[in-house]
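S.K.: Based on what follows, work out the 3D shape:
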Amino acid sequence: METERGVSWSQVYDTWRNHFYSLNDDRAKSAFNTFFDLQVFFSEKAPTLGMPLSLGRCMSEKDGHYDVVMGLHICEQLHDFLEKRFPDVPSPNLSCLTPETYKVLDRFECISASMFNKYQTKAKKKNKAQTKIRDAKALKDLGHKLVHDKRNVFISIDIEAYEMDHSILLEIGWSMYDARTDKFLDQHYAIDSYKHLTNGKFVDDQKMRFAFGTTVWCSLKQAFKELRKDLDWAVERDGGFILVGHGLDSDIKYLKERKFLWPTAYKSETLEVEESAKITILNTDIIYGASINDMHNPPSLGRTLNILNIENWNLHNAGKKRLYTRK
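M.R.: Predicted structure coming up:
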């Protein structure tokens, strides 16, 4: 593994910008802005054309950030260029910079602003992906802690829409796991006004294969009323509830579009789940991605269960999500 002692471009830019702008001299500001204009910096006659840079990962942190990096000797040369270009403007002190050790991922000689921007974009994407993994791991750890604390109710909600028209909801079901008592409560409601509609062309039709109780035929309004009663019970007992789901965004969107009102901790209600009494939302697709260090294209619920050797069947029944709530 090749490493290099260097300084990130962003640190050089920000530190030196602060220096020149602190002089309260328009000449100093103009000097800085002119010098660091990328079109000028990498122009054909500029002494900085072809500057050796690298894409690197900082080694001084556990999850080191990615940067466009210049070696210390390059940074010193850059400082000399700046002094020679603007001899009448006080230059920044090199000691203001904090060198770091970087793992070098890619070296390049920068010959254009577009090349520089390409590597800056690469660094930003890697930092974004790393942040996503870090947040996912934190969510996974939080999920483990909440299960082991044995205090709260975990609620997994699932909605099945009509495959030919997603504005039509055919089923809604939920599984509540009470961690205090280690017991489940499962509910499954089929919407009676759409008895004549079934899936099967694009999505499996499992409407009549609820395995944890009796399917209740009723209106969507009544089903929402029953869901709200269970949520209210959890909030009254524990002060909140924990939502669990694999790709919950679509289910939450369906509820919002139908004006479902979530209970809050202040005995009011809201359309926004983020403003509700939810303690957290445990997205199992994100948690699975954290477990394999890969957040790109998480597998479906069925495939995830198969990978984890968890027996599953009839997943397109809105009342079957206790299969992964337990895990």
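
S.K.: Sheet-wise, list the partners of the one helix or strand residue 167 maps to with their directions.
M.R.: Secondary structure assigned from DSSP states H and E places residue 167 in strand 165-178. Strand 165-178 has its sheet partners listed here by DSSP bridges as strand 153-162 (antiparallel), strand 183-191 (antiparallel).

S.K.: isn't there a strand covering residue 54?
M.R.: Yes - the assignment for residue 54, made by DSSP: H, G, I helix; E, B strand; the rest coil, places it in a strand.

S.K.: Return the residues in contact with it.
M.R.: Counting by CB atoms under 8 Å, 6 or more residues apart in numbering, residue 54 touches 4, 6, 68, 69, 70, 71, 102, 104, 105, 106, 107, 108. Placement of C-beta: from N, CA and C, glycine included.

S.K.: same check, this time on residue 274
M.R.: Under the criterion of CB under 8 Å, 6+ apart, residue 274 has no neighbours.

S.K.: Same question for residue 185.
M.R.: By CB under 8 Å, 6+ apart, residue 185 lies in contact with 175, 176, 178, 230.

S.K.: can you pick the most crowded of the contacts of residue 54?
M.R.: If you count neighbours using other CB atoms under 10 Å, the busiest of the contacts of residue 54 is residue 69, which has 31 neighbours.

S.K.: Correct me if wrong: it contacts residue 9.
M.R.: Yes - contact criterion CB atoms under 8 Å: residue 69 and residue 9 qualify, at 7.0 Å.

S.K.: Need the overlap of contacts for the two.
M.R.: Between them, residue 69 and residue 9 share these contacting residues under CB under 8 Å, 6+ apart: residue 53.

S.K.: The helix or strand containing residue 227: which residues count as buried?
M.R.: With the criterion set as DSSP H and E, the secondary-structure element containing residue 227 is helix 220-238. Going by neighbour count (16 or more other CB atoms under 10 Å), the buried part of helix 220-238 is 220, 223, 224, 227, 230, 231, 233, 234, 235, 238.

S.K.: do you know how far the last one is from residue 37?
M.R.: Residue 238 sits 58 Å away from residue 37, going by CB to CB, to the nearest Å.

S.K.: One more: the first one?
M.R.: Computed with CB to CB, the distance linking residue 220 and residue 37 is 60 Å.

S.K.: Tell me which stretches of the stretch 201-327 of the chain form helices.
M.R.: Taking DSSP state H, counting those that start in this stretch, the helices of the stretch 201-327 of the chain run over residues 220-238, 249-257, 284-291, 301-307, 322-325.

S.K.: Let me see the contact set for the residue lying closest to residue 252 once chain neighbours are set aside.
M.R.: Here the nearest residue to residue 252 in space, its sequence neighbours aside, is residue 273; by CB to CB, 6 or more residues apart in numbering that works out to 5.4 Å. Counting by CB under 8 Å, 6+ apart, residue 273 touches 243, 252, 255, 256, 262, 281.

S.K.: Name the member of the residues you listed with the most neighbours.
M.R.: The most neighbours of any of these, using other CB under 10 Å, belong to residue 262, which has 24 neighbours.

S.K.: Go ahead and confirm residue 174 touches residue 154.
M.R.: No - taking contacts as CB under 8 Å, residue 174 lies outside contact range of residue 154: 10.4 Å.

S.K.: Pick out whichever of the two has more residues nearby.
M.R.: For the pair residue 174 and residue 154, the greater number of neighbours falls to residue 174 (28 against 23), based on other CB under 10 Å.

S.K.: Run through the residues that contact that one.
M.R.: Listed by CB under 8 Å, 6+ apart, the contact partners of residue 174 are 155, 156, 157, 158, 186, 187, 227, 230, 319, 321.

S.K.: make it 7 Å
M.R.: For residue 174, the contact set (CB atoms under 7 Å, 6 or more residues apart in numbering) comprises 155, 156, 157, 187, 227.
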